[in-house]
Every structure is written in C-alpha cells, then in structure tokens.
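Colleague: What follows is a predicted protein model with its sequence.
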Amino acid sequence: MTWLQCAWYMAGWADEVGQAGLSRRITDKLIFFYRLADGKVAAILDRCPHRFAPLSKGTRDGDNVVCGYHGLTFSPEGRCVHNPFGERIPAGADIPIFDVAEKDGIVWLWGGVAGTSDPALLPDFSFIPNTPYSRSVRGYTLLHANYEYGTDNLLDLSHIEFVHKGTFAGQGVIFAGDHSVKTDGDTLHSNWWMPDIAPPSVAQAMFPPEAKVDHWLDMRWNAPATMRLNIGVTPHGADRQAGFEVPQAHILTPADEHSSHYFWSSTRFHDLENPEADAMLLTLFGDAFDVEDKPMIEAAYNNVKGKDFWKEKPVSLGIDQGGTRARRVLERLIAQENNAEA
C-alpha cells in the first residue's frame, strides 16, 4: 500500500516515550522511539541489520542503543558505532532513522525521508495540554481496520444515532440538522448544524429541559487522517460565544494496511480538579470507541478486506460525503507525490 509521505503521523502521546522508549508499527515499519539525554526524541528502525532482532529489546549506552541479541551498537543517527566481535564495522550495518517532532503533548513522525520534514505542516492541537483553565482526557485504541475506514466513521457523525445508543446517543438531533462539507485548500470540513432543539446529552446538565438550543458538530480533517472536532451548544439564536464548546482530537495513524492506531482526546473548561469527572469521561469514551465504534468498523472492514473500496461500489447517502471527499483528497496528494518522483 502507498502512504502519503509529506505529512506528519502521530506516533504516540509524549508521555508514552518514557525511560524504556516506545516501539510502534507505523506505515508498516516497526519504529523505536526513545529519549536522548537532552530530552529530545529519536526514532530509528526497530530492527538490527544482523539477524533482525528488535532494537527495543536491547539496552542503552547513553544515547546509543545496544542490540540485545549480539551487541551491535547504534547511534541516534542510525550509524553502527560498535561491533563487540572486532574493530571493523560490517558493511551495511547502518539503519534508517526518521524525523520526529514533539508538539502539544504529541510525538509526530514525518512520513518522508529523514532530513526533509517541514515543521510548518505540524498539526495544531494546542488545546490538548492541561492549563489552569482546561483539563483534557485522552486515550488510545488499536483498530483492526484500514485507517481510511476510521476516517469514514469520524467524518460521518450521523452514525451516533445508531452506534452510540449507550453513550453519545443523538436522541434524534442529527435528523433535525443540516450537514455541509466544504474544502479550504487541502483541509476538509464536515459540519453539522442543529438549531432550535432540546438540549443534547452533552449539554443537559447546563440547560433546563425546556430550553431550546443551537448545537453544532464541526469536524476538520487534514491528510492523512488528522481530525479536530468542536462540539458546541448555545442558547437558541445566540452567538456561539454565549454557549460552550468542547474541542476533541481524533487522530488515526496507519499501523499497516489492515490496522490503525486511534488516538483521541477531549478537553473541558469546568470541574477541573475533579478526578471523578476524569474517570467518568474516560469510561464514557472508552465505551464509545472500544465497545461501540470499534466492533462496527472492524466488522464492516472485514466484509471488504483486501478489496478496492471504489470497486465495491459503496452506496452514497449524502451525509457520508465527508469521508468520500477525504478519500479523494488523499488519493490526489499521493498521486502528486508519485508523479513528482517519477
């Protein structure tokens, strides 16, 4: 499978790269992320060139990594710097390295050749780190489906009426709303606007039951599969600033063709020092993603696994055009890269 190269892929939450480092498969390459003495993150192919043992199962010698199988030692620049069986470094002993960046509590991996990364393309998720005025919960799940099927699910939030009956149940609000999809360059927006409705579940504690509110679900997508969702509610007819908004991150990173890393977060601006609120939200989102979304996406993907999406002739309902258009944008960007390399 061909992956978009000139893009940043989320490798993990920054605190996942601790003392032991983190080994994670991304775009079908097993990569070892570890922190250097200065706190920066290095990324090397997690495979010794001698007998292919994972370097993540080795030990550290300062900023170098020592293979746990036969002791070859590698620098963060990917050079083999020590052979315990002789003075000569074997030919072909160097290993690939990868550009990484750390921003907003996230470790990002550049999809292209090391040394070609563009920091200006790093996605903005500045709402995720905790501040004196905000608190975020976040999580991770491994999805046994191609990452574009996860994108389809997130860009078509009409599924909340059917899939999330135990958690985010829409209570019919989607059917009272209007859906729109628009593009701004390579950024895609898939938005729902639901005016003059009873308070949805996300706002029932903040409005009396008889109130009428305006509700929105604004999803922003950037290739390869980086999404920000703004969930908002305001008194009917009032400016959005008169209500409240909950920003969320929904980020998918392909592990390989048939599995994906799904990272999510949700930020609130009230009840900040309440660990019970954290626990409740973690349970809610865990149930929504692991118990409701995940089985449905995986089952749907298993029906077409290994087949071409378009050749299966998916029926369009209109409200699913966000995912359809994201697929087309991604195809165009990959084709442009391939043509540039030809």
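Modeller: The structure has been received and is ready for your questions. Just so we're clear, the structure is a prediction, and the values are computed from it rather than from any experiment.
Colleague: which residues of the chain score low on pLDDT?
Modeller: 169-170, 342 (pLDDT under 70).
Colleague: In it, which residue is most central in space?
Modeller: With distances taken as C-alpha atoms, centre = their mean, Ile251 lies nearest the centre of the chain, 1.8 Å away.
Colleague: and it, helix, strand or coil?
Modeller: Classification of Ile251 using DSSP: H, G, I helix; E, B strand; the rest coil returns strand.
Colleague: surely it meets Met10?
Modeller: Yes - contact status for Ile251 versus Met10: in contact at 4.6 Å, counting by C-beta atoms under 8 Å. Where C-beta positions appear, they are placed from N, C-alpha and C, glycine not excepted.
Colleague: Which residues are in contact with each of the two?
Modeller: Shared contacts of Ile251 and Met10, defined by C-beta atoms under 8 Å, 6 or more residues apart in numbering, comprise Ile106, Thr226, Phe263.
Colleague: From those, which land in strands?
Modeller: Ile106, Thr226, Phe263 (DSSP state E).
Colleague: Check these against Gly323 and report the nearest one.
Modeller: Thr226 (14.4 Å; C-beta to C-beta).
Colleague: Could you tell me how many residues sit around that closest one?
Modeller: A total of 24 residues lie near Thr226 under the criterion other C-beta atoms under 10 Å.
Colleague: Pretty sure it sits against Pro123.
Modeller: Yes - shown here, Thr226 and Pro123 form a contact pair, counting by C-beta under 8 Å, at 4.9 Å.
Colleague: Helices along the stretch 151-300 of the chain, start to end?
Modeller: Ranges of helices within the stretch 151-300 of the chain are 160-163, 275-286, 294-304, based on DSSP state H, counting those that start in this stretch.
Colleague: Okay, buried residues for the first one please.
Modeller: By neighbour count, with 16 or more other C-beta atoms under 10 Å as the criterion, the buried positions of helix 160-163 are Ile160, Glu161, Val163.
Colleague: you'd agree the last one is up against Glu292?
Modeller: Think Val163. Yes - using C-beta under 8 Å, Val163 is in contact with Glu292, at 5.1 Å.
Colleague: just to revisit the earlier point, now the helices of the stretch 151-300 of the chain in a markdown table, with distance to Asp28?
Modeller: Listed next are those as a markdown table, based on distance: least, C-beta to C-beta, whole Å:
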| stretch | distance to Asp28 |
| --- | --- |
| helix 160-163 | 29 |
| helix 275-286 | 27 |
| helix 294-304 | 17 |
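Colleague: Quick one, which of the ones you listed gets closest to Pro129.
Modeller: helix 275-286 (15.1 Å).
Colleague: how far does that closest one sit from the chain's center?
Modeller: How far helix 275-286 lies from its chain's middle: 20 Å, per C-alpha atoms, centre = their mean, to the nearest Å.
Colleague: re the thing from before, how near is the residue nearest to the centre of the chain to Cys6?
Modeller: Between Ile251 and Cys6 the computed distance is 17 Å (C-beta to C-beta, to the nearest Å).
Colleague: What of His261?
Modeller: His261 is 20 Å from Cys6, by C-beta to C-beta.
Colleague: out of everything not next to it in sequence, what's closest to Ser180?
Modeller: Leaving aside its sequence neighbours, Ser180 sits nearest to Asn191 (C-beta to C-beta, 6 or more residues apart in numbering; 5.3 Å).
Colleague: Asp152 now?
Modeller: For Asp152, ignoring the flanking residues on the chain, the nearest one in space by C-beta to C-beta, 6+ apart is Gly323 at 3.5 Å.
Colleague: quick one, what contacts the residue nearest to the centre of the chain?
Modeller: Met10, Ile106, Ala225, Thr226, Met227, Tyr262, Phe263, Trp264.
Colleague: Thanks a lot, see you next time.
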